[in-house]
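Novice: All I have is the shape, not the residue letters:
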């Protein structure tokens, strides 16, 4: 599913995915595919107006980022099959065509996890942890991680970066290169 891959490889929050409109995706940008986060979907009570697209909570949430090239074919298929040509059309909708809400996404998420053979304990938000950790493993600076994930503070960014056994082994190999031969 395009939404899950976009969340995993661009570090998007659920609300950012649900608030995306067609004009937020520029798959033909001259420097490579780009994504603009300018709003998030927020499910409010009916008394407060119901579901709405609202600005991110902080200015750091407003951002543009490169999209991995390998996501483009799936995103194009998704746009062609499910999204009208209107620039303001929601990219990801619920099963009946309305806004994507956590309540109408939970069944899709359960089915996707089962098909992928991953734990049903995996939360959608864990995809942001995957993204932050993947960036760090590939040498991204803290500022770069904060920029891609829309975080205002280093402390917030570090919550999404985890030590892994693979990276520990890689670091030990790099240190091994420094040890003088006996």
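Specialist: Cool, the structure landed. Just so it is clear, the structure is predicted and the values come from calculations on it, not from any experiment. Numbers count the residues shown, from 1 in each chain.
Novice: Just confirm residue 174 is within a strand.
Specialist: No - under DSSP: H, G, I helix; E, B strand; the rest coil, residue 174 sits outside any strand and is assigned helix.
Novice: any idea how far it lies from residue 134?
Specialist: 18 Å (CB to CB, to the nearest Å). C-beta: built from backbone N, CA, C; applies to glycine.
Novice: what do you get for residue 58?
Specialist: 23 Å.
Novice: For the helix or strand of the chain with the lowest mean pLDDT, which outside residues touch it?
Specialist: Lowest by mean pLDDT, DSSP states H and E among the helices and strands of the chain is helix 165-176, with a mean of 84. Residues outside helix 165-176 that contact it (CB atoms under 8 Å, 6 or more residues apart in numbering): 136-137.
Novice: And for stretch 35-44?
Specialist: Contacts for stretch 35-44 (CB under 8 Å, 6+ apart): 6, 10, 12-13, 15-21, 23-26, 50-56, 61-67, 99-103, 150.
Novice: any idea of the mean pLDDT for it?
Specialist: On average, the pLDDT along stretch 35-44 is 94.
Novice: could you pull out the helices for this structure?
Specialist: 2-10, 14-18, 72-82, 102-116, 126-137, 142-149, 154-158, 165-176 (DSSP state H).
Novice: who's in contact with the closest residue in space to residue 34 that isn't next to it in sequence?
Specialist: Closest residue in space to residue 34, ignoring its immediate chain neighbours: residue 26 at 4.5 Å, by CB to CB, 6 or more residues apart in numbering. When contacts are counted by CB under 8 Å, 6+ apart, residue 26 touches 33-36.
Novice: Go again with 10 Å.
Specialist: Contacts for residue 26 (CB atoms under 10 Å, 6 or more residues apart in numbering) come out as 32-36, 64, 67.
Novice: go on, residue 94?
Specialist: Neighbours of residue 94 in contact, by CB under 10 Å, 6+ apart: 18, 51, 100-101, 103-105, 108.
Novice: same thing with residue 126?
Specialist: 7-8, 118-119, 160.
Novice: Of the residues you listed, just the buried ones, PyMOL syntax please.
Specialist: Buried subset of those, written as a PyMOL selection, criterion 16 or more other CB atoms under 10 Å:
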select buried, resi 7+8+160
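Novice: any idea which of the contacts of residue 126 is closest to residue 85?
Specialist: residue 7 (24.1 Å; CB to CB).
Novice: ok, back up a step: which of the contacts of residue 126 lies closest to residue 112?
Specialist: residue 118 (8.7 Å).
Novice: which residues touch the closest one?
Specialist: 112, 126.
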